[in-house]
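A.B. asks: sequence and predicted structure, then a few things I'm wondering about:
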Amino acid sequence: MTDEEEADRNASNLYEEAVRAEALGKKMMAQQLAQQALDVSPNGRYSPAIGRLLDRLTSQSLSQSLGEEPTRKGDAAVGSRVAYVVSGGLIGGAAGALFAGAAQGTSGSLIAGIGLVGAVVGVGLTLATMSAVDDGSIPTHLWSWGTFGLWVAGSVVLLSGPNPSANAISGLAGAGLTAGAVVGALLGGLTNLTVGDGTAGLVLGSLLIGEVLLIEGSDILATNPDANTASQVVGGTSLALAIVGYLGGELLNHQIHWSGGRWGLIFLSAALGAAVAGLLSGVTNSNASTTLGLLAGGEAVGFGVGCVSTLGMSPEGAPGTAPPFSGQVQGMSMPATPRATLAWTF
């Protein structure tokens, strides 16, 4: 390892600490850490990003010393708050319709009416708590953990045995969606988890479950076990993978600090790989077992390509370098070039 590589690594670590110090409101400490990072590697790989951070911190200090009012963080959160309210309405409506469908003999109009009531309740609750939203973490976790609740509910249904009733499925799905969304909102609002953390859990959890269930489904079709055994195997697998994928994704991204944009690209890449594999199976007239295997292979290849692609998206920061918080992006000065746009987006 060369001295330049050692200096870059030390500068990256100091830069990350400076960003965290700024997020905690320790402006003076952040400025000192940023200056130390620039001193360690003045012309290194991360010096442009460190220089922008130091310039911003310096300008903020000068503005405060002159009595100027700093930019309010809430101004940058308007979009996230709108997304939070809209998400609450959509999830509330879906949960209401699912709960209504759990009752025997419920008509379609009654299901729609209760779904509308659920949407109103969801919008009301999110409007009442909207002031707690400072960035996109809460709406992201709302969806991430809402889908986690759905996976858990589906797993419980399968573990209970084959041929479950539609009413039981609907009721458990509504309960899982509601409980997961509430937990997600609390995690996003009361912890330091970021948008990227929530997106990582959603993407890794969903892709991991999908990949293994495709492989497992291919094996089940080939071996043709009894219905009870198949239901137990699929339910237990999906429950375990949901816990590992969603929790593991959150914890992993909390260490590597990838943005939601990176994980979105990975998800789209995996979906594209599965779609291409599906078309290939259609062209070759593959049987059901082979088709599921091809879909699993396509998703795996797409996931790998997506991961490799994201590594080249940020020319000025390593994947382990914490990105600036959403409230810090305003007021940053950088040239509007494609390279710079990619650097800040990812």
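C.D. replies: Arrived safely. Predicted model, so just to flag it, every value in this text is computed and none were measured.
A.B. asks: closest to the centroid, which residue in the protein?
C.D. replies: residue 199 (0.6 Å; CA atoms, centre = their mean).
A.B. asks: tally of neighbours for residue 285?
C.D. replies: Residue 285 is flanked by 8 other residues according to other CB atoms under 10 Å. In short, each C-beta sits where N, CA and C put it, glycine included.
A.B. asks: for it, phi and psi?
C.D. replies: Phi and psi for residue 285, reported as degrees, to the nearest 10, are phi 50, psi 50.
A.B. asks: check residue 287 too.
C.D. replies: With angles defined as degrees, to the nearest 10, residue 287 sits at phi -80, psi 180.
A.B. asks: neighbours of it, how many?
C.D. replies: Neighbour count of residue 287, defined by other CB under 10 Å: 12.
A.B. asks: ok, now the one 3 residues further on?
C.D. replies: Neighbour count for residue 290, taken as other CB under 10 Å: 15.
A.B. asks: just residue 43 next, same as before
C.D. replies: With other CB under 10 Å as criterion, residue 43 counts 9.
A.B. asks: that one and residue 11, how far apart?
C.D. replies: In this view, residue 43 and residue 11 are 10 Å apart by CB to CB, to the nearest Å.
A.B. asks: likewise for residue 193?
C.D. replies: Counting by CB to CB, the separation of residue 193 from residue 11 is 26 Å.
A.B. asks: and for residue 149?
C.D. replies: Where residue 11 is concerned, residue 149 sits at a distance of 42 Å (CB to CB).
A.B. asks: do residue 180 as well
C.D. replies: 40 Å.
A.B. asks: same question for residue 203.
C.D. replies: Taken as CB to CB, the span from residue 203 to residue 11 is 30 Å.
A.B. asks: try residue 98
C.D. replies: Note on residue 98: its distance to residue 11, by CB to CB, is 51 Å.
A.B. asks: same thing with residue 17?
C.D. replies: Distance from residue 17 to residue 11, counting by CB to CB: 11 Å.
A.B. asks: kindly report the same for residue 116.
C.D. replies: When residue 116 is compared with residue 11 (using CB to CB), they lie 55 Å apart.
A.B. asks: and the two? Which one has more around it.
C.D. replies: For residue 116 and residue 11, the more surrounded residue by other CB under 10 Å is residue 11, and the numbers stand at 25 against 14.
A.B. asks: what's the helix or strand for that one?
C.D. replies: helix 3-23 (DSSP states H and E).
A.B. asks: so which elements touch that helix?
C.D. replies: Judged by 3 or more CB pairs under 8 Å, 6 or more residues apart in numbering; DSSP states H and E, helix 3-23 is in contact with helix 27-40, helix 47-65.
A.B. asks: can you lay out those as TSV showing distance to residue 290, mean neighbour count and mean pLDDT?
C.D. replies: As requested, those are exported to TSV (distance: least, CB to CB, whole Å; neighbours: other CB atoms under 10 Å; pLDDT from 0 to 100):
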stretch	distance to residue 290	mean neighbour count	mean pLDDT
helix 27-40	54	19	84
helix 47-65	48	17	77
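A.B. asks: let me have the ones you listed in JSON lines, extended by distance to residue 159.
C.D. replies: Output for the helices and strands packed on helix 3-23, formatted as JSON lines (distance: least, CB to CB, whole Å):
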{"stretch": "helix 27-40", "distance to residue 159": "50"}
{"stretch": "helix 47-65", "distance to residue 159": "49"}
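A.B. asks: for residue 310, find the nearest of the ones you listed.
C.D. replies: helix 47-65 (17.3 Å; CB to CB).
A.B. asks: just the CA coordinates for the helix or strand just after that closest one, please, in CSV.
C.D. replies: As assigned by DSSP H and E, the chain's next helix or strand after helix 47-65 is helix 78-101. Below are the C-alpha coordinates for helix 78-101, written out as CSV (Å, rounded to 0.1, in the frame of the first residue of the first chain):
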residue,chain,number,x,y,z
VAL,A,78,-41.5,19.6,1.8
GLY,A,79,-41.3,16.8,-0.8
SER,A,80,-40.6,14.2,1.9
ARG,A,81,-43.6,15.4,3.9
VAL,A,82,-45.9,15.3,0.9
ALA,A,83,-44.6,11.7,0.1
TYR,A,84,-45.2,10.8,3.8
VAL,A,85,-48.9,11.9,3.7
VAL,A,86,-49.5,10.3,0.3
SER,A,87,-47.9,7.1,1.5
GLY,A,88,-50.1,7.2,4.6
GLY,A,89,-53.2,7.5,2.5
LEU,A,90,-52.3,4.7,0.1
ILE,A,91,-51.2,2.3,2.9
GLY,A,92,-54.3,3.2,5.0
GLY,A,93,-56.6,2.6,2.0
ALA,A,94,-55.0,-0.8,1.2
ALA,A,95,-55.1,-1.9,4.9
GLY,A,96,-58.7,-0.8,5.2
ALA,A,97,-59.7,-2.8,2.1
LEU,A,98,-57.8,-5.9,3.3
PHE,A,99,-59.5,-5.7,6.7
ALA,A,100,-62.9,-5.4,5.1
GLY,A,101,-62.1,-8.4,2.9
